[in-house]
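Engineer: My questions are about this predicted structure, shown below with the sequence.
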Amino acid sequence: MKVLSSFLLLIFFAAAALAQRTEKETGAELVAGKGLGVVSLGAKRKTIEEVLEQGENRSKYEDVYFVDYPKKGIQISYTNKTDEAYTIFFYNNQKRYENFVTPAVRTDKGITWSSTPEEVIKAYGKPENDFKDESGNNSWRRLEYKGIDFLYQFGEMKRIGIHTEK
């Protein structure tokens, strides 16, 4: 019985270690200025949709168009000329995106949906821009860094944006 218990414990820890290693190898963490594995800036829409499945066209502008992937909690803007990902948004019940599933994501610096603005600043440093409006019924704050930004509404993180580093 002791041998069987030890063997099962060994299998459990080996599986956990393999899962962590696989997550690191596939880039399953959000990286500023890059993205999330295959869902990355500069990737072709066709390549991304092999992972996310076909998206829903949302709106089109002169230089980019937006595609929603509500079952994945993601919206991507693609360039009109090359169909390459230009900006990637991950949503957590943000107003107008309540129908999006909240993706289980974390950044390579350990930031998750439950992270506070103070934790983001501790992980990423002083933001390049710190926009906020705490008046009235639309209290929000947006912390902007090179390649990544975090949007809070009423103190809760609602969106993480991945964009090119400028």
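Structural biologist: Looks like it arrived, so ask away.

Engineer: who's in contact with Ile74?
Structural biologist: Listed by C-beta atoms under 8 Å, 6 or more residues apart in numbering, the contact set of Ile74 reads 39, 52, 68, 88-91, 100, 103. From N, CA and C alone the C-beta is placed, and that goes for glycine too.

Engineer: from those, which single one is nearest Ala123?
Structural biologist: Nearest to Ala123 among those: Phe90, at 16.4 Å, using C-beta to C-beta.

Engineer: Now the closest one: which helix or strand?
Structural biologist: Per DSSP states H and E, Phe90 falls inside strand 85-91.

Engineer: just checking, what packs against that strand?
Structural biologist: Judged by 3 or more C-beta pairs under 8 Å, 6 or more residues apart in numbering; DSSP states H and E, strand 85-91 is in contact with strand 35-36, strand 39-40, strand 74-79, strand 156-163.

Engineer: Apply 6 Å and report the result again.
Structural biologist: Using 3 or more C-beta pairs under 6 Å, 6 or more residues apart in numbering; DSSP states H and E, the elements in contact with strand 85-91 are strand 74-79, strand 156-163.

Engineer: for stretch 102-112, how far is the first residue from the last?
Structural biologist: For stretch 102-112, the first-to-last residue distance is 11 Å (C-alpha to C-alpha, to the nearest Å).

Engineer: Am I right that Gln54 is in a helix?
Structural biologist: No - with DSSP: H, G, I helix; E, B strand; the rest coil as the criterion, Gln54 is coil rather than part of a helix.

Engineer: any idea how far Tyr69 is from it?
Structural biologist: From Gln54 across to Tyr69, the span is 9 Å (C-beta to C-beta, to the nearest Å).

Engineer: For those two, indicate the residue with more neighbours.
Structural biologist: Tyr69 (23 against 9; other C-beta atoms under 10 Å).

Engineer: Now for the nearest residue to Ile48 once chain neighbours are set aside, how many residues are close by?
Structural biologist: Excluding its sequence neighbours, the residue lying closest to Ile48 (C-beta to C-beta, 6 or more residues apart in numbering) is Val39, at 5.5 Å. Residues near Val39, counting by other C-beta under 10 Å, number 24.

Engineer: how near is Val39 to Pro70?
Structural biologist: For Val39, the distance to Pro70 equals 15 Å [C-beta to C-beta].

Engineer: try Ala28
Structural biologist: Taking C-beta to C-beta, one finds Ala28 at 20 Å from Pro70.

Engineer: Name the residues of the strand holding Phe90 that are buried.
Structural biologist: Neighbour-count burial for strand 85-91, with 16 or more other C-beta atoms under 10 Å as criterion, is recorded at 85-91.

Engineer: Perfect, that will be all.
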